[in-house]
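# 3D model of this:
(chains A and B)
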Amino acid sequence: MTGNARYEAPPEHLIEAVLLSSPSPIALPDLLSATGLAQGEALAALEHLRARFSPASSGIVLREVAGGYALATNPTCAAAVERFRAEARPAPLSGAAHEVLASVLYLGPMTRAAVSAARGVNSDAVVRNLLERNLLEERGRDEGLPGSPALLGVTDDFLAAAGARDPEDFPPLDALVDEAELARVRERISGARPDAAGEA
Amino acid sequence: MSDGSRGAEAGAKPLSAFTVELDVYSGPYEGLLALILRDELEIFEVPLAELVNLYRSSGGSDEGSPGALERDTDFVDSATSLVLLKGRSLVPAGSETGDEDGDEAIGPEELEARLVAYLKVRRAAEAIGERLARNAGYYPSGHAPPPKPGKLRIRPEKISAAARRTFSRTVEPETRHLGPITVTVGELVALLRRSLAGGEPVSFEALTREMDRLRSAVTFAAALSLASEGSIVLVQPEPFGPLTLRPVP
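This next block holds a predicted model:
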């Protein structure tokens, strides 16, 4: 819905006010619906806000994350905000948690068993922790498997925490490992083969 | 693992004196081994490298002292077993062959495929870790308090699905055999008293031969009731044998 509910305030102010009131990112269609702005007007206003709320010029920044727009505090002011709120910053995730997130992000949606298989170790406790932190969520069930286990996917909270617009906003999995490293792994395995040892 | 007391006799601290402080366990090292062997502690949860570092920094590694070599050998012996156990456990369950034999070697091609896949996940995990660290410290403008650790988020759609599962019956239980109760214990107590009025024993089978299952069951309850008040004696020579009701004079 655009254009049928015009407000007196300038587009920039409308968008700024709506974003300020929301604890989570707002998708563009929802912004248009709330403000009654046309898409072009809203995008232009967002550009103005992006310049006004840039990290270099303000304690508030405009972020484009998790499929929407959000106003957030500037990380350079994080310590003061945390002190004011009397909230410690959440403990950093463990390496195991990062592996589970990577598995689900790149190979998911997948079951808990598939996550464990991808990592080679039981990951149920890590998955439970990530579900509690709302970085993973259950997204339907795999009806093809006995017991229809739940499928896991990453949440918008994860995307926002990673500063990503959507799951496509991450580099391709294959681009993360260079060929030389893969070659070294293959060489190590072939070197450990009994026939290779015999040849040596 | 051999007896750690050998080291003590030779002057070094025995292996039994070695205690560990891990996230998953805190206490004597030998207790840790016992828990793992009894499957009460998941081997996945035990960081073996940290364990070795703890041993090295525990003062047990006093190389010059007598008996230290034997104690170190004992530790290496047990630690190697743990590494082997963990290594075998690392093979994901549910192989295509369904072969549960842990001694079955993984083919080199499969091992290579698994390692390459894991390496990619590992690198992706590192990239995600860096990205999360880079993006830490943004607090949303509209403040929503974070959920307390361990507190579940309540989602209406999940509650609705759970309620549907809980309250829906897939198969209605069969109830045709359940007729209305048309007889009471009191009525059948009266019947028994009449049957036993002549002072002669009465066979329970003869008494209930013409009755349906419900009346038979209630008659048995009535007989038990009379026996408990001492009006009759129930005689059954053997389990599941014929039951006789004998009046008490």
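# Burial check on residue 23, number of neighbours?
No chain specified, so I'll use chain A. Residues lying near A:P23 (other CB atoms under 10 Å in any protein chain shown) number 13. C-betas here are computed from N, CA, C, even on glycine.
# that's the wrong chain, I meant chain B
9.
# got it, and A:L173?
Quick note: A:L173 (other CB under 10 Å) scores 17 neighbours.
# Centre of chain B to the edge, which residue is at the far end?
B:G198 (60.4 Å; CA atoms, centre = their mean).
# domains of chain A?
According to automatic domain parsing, chain A comprises the domains A:11-85, A:95-169, A:175-200.
# quick revisit: OK, contacts around the residue farthest from the centre of chain B?
Listed by CB atoms under 8 Å, 6 or more residues apart in numbering or on different chains, the contact set of B:G198 is empty.
# re the thing from before, closest to B:N135 out of the domains of chain A?
Among those, the nearest to B:N135 by CB to CB is domain A:95-169 (3.8 Å).
# before we move on, back to that, turn the domains of chain A into CSV, including mean pLDDT and distance to chain B.
Compiled in CSV, those are given as follows (pLDDT from 0 to 100; distance: least, CB to the nearest CB, whole Å):
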stretch, mean pLDDT, distance to chain B
domain A:11-85, 93, 3
domain A:95-169, 91, 4
domain A:175-200, 70, 4
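# so which of those gets nearest B:V171?
domain A:95-169 (18.8 Å).
# Helix, strand or coil: sort out the residue nearest the centre of chain A for me.
Residue closest to the average C-alpha location in chain A (CA atoms, centre = their mean): A:L159, at 1.3 Å. Put simply, A:L159 is helix when judged by DSSP: H, G, I helix; E, B strand; the rest coil.
# sorry, back to before: please identify the most buried of the domains of chain A.
domain A:95-169 (a mean of 19; mean count of other CB atoms under 10 Å in any protein chain shown).
# Would you mind pulling the contact partners of stretch A:51-58?
Contacts for stretch A:51-58 (CB under 8 Å, 6+ apart): A:60-62, A:71, A:74-76.
# What segments of chain A are strands?
Ranges of strands in chain A, per DSSP state E, are A:60-65, A:68-73, A:136-141, A:150-154.
# With chain B instead?
B:19-21, B:26-28, B:202-203, B:232-235, B:244-247.
# tell me what the fourth one is packed against?
In terms of contact count using 3 or more CB pairs under 8 Å, 6 or more residues apart in numbering or on different chains; DSSP states H and E, strand B:232-235 is assigned the packing partners helix B:213-228, strand B:244-247.
# got the contact list for the residue lying closest to B:E112 once chain neighbours are set aside?
Closest residue to B:E112 apart from its sequence neighbours, by CB to CB, 6 or more residues apart in numbering or on different chains: A:I189 at 5.0 Å. Counting by CB under 8 Å, 6+ apart, A:I189 touches B:108, B:111-112, B:115.
# repeat for B:E205
Counted by CB under 8 Å, 6+ apart, B:E205 has contacts B:242-243.
# can you check B:T208 too?
B:215-216, B:219-220.
# for chain B, which spans come out with low pLDDT?
Counting by pLDDT under 70, chain B shows low-confidence ranges at B:1-12, B:39-40, B:42, B:44, B:59-66, B:88-106, B:143-153, B:169-170.
# picking up where we left off before, how much space separates the residue farthest from the centre of chain B from A:V185?
According to CB to CB, to the nearest Å, B:G198 and A:V185 sit 97 Å apart.
# burial measure for B:L69, as a count.
13.
# ignore the last one, B:P173
Quick note: B:P173 (other CB under 10 Å) scores 6 neighbours.
# show me what contacts it?
Neighbours of B:P173 in contact, by CB under 8 Å, 6+ apart: none.
# Quick check: phi and psi at it.
For B:P173, the backbone dihedrals (degrees, to the nearest 10) come out as phi -70, psi 150.
# ok, and what's touching stretch A:65-77?
Taking CB under 8 Å, 6+ apart as the rule, stretch A:65-77 contacts A:15-16, A:19-20, A:22, A:24-28, A:30-31, A:46, A:53, A:55, A:58-63, A:81, A:156-157, A:159-160, A:163-166, B:135-141.
# ok, the nearest residue in space to B:T184 that is not next to it in sequence to chain A distance?
Leaving aside its chain neighbours, B:T184 sits nearest to B:V218 (7.3 Å; criterion: CB to CB, 6+ apart). B:V218 sits 45 Å away from chain A, taking CB to the nearest CB, to the nearest Å as the criterion.
# can you check B:D23 too?
Counting by CB to the nearest CB, the gap from B:D23 to chain A is 10 Å.
# Could you do B:L15 as well?
The value you get for B:L15 to chain A, if CB to the nearest CB is used, is 27 Å.
# Was I right to think that residue contacts B:V76?
No: counting by CB atoms under 8 Å, B:L15 does not reach B:V76; the two are 10.6 Å apart.
# So which of the two has more stuff around it?
B:L15 (27 against 12).
# care to break chain B down by domain?
B:5-89, B:185-247.
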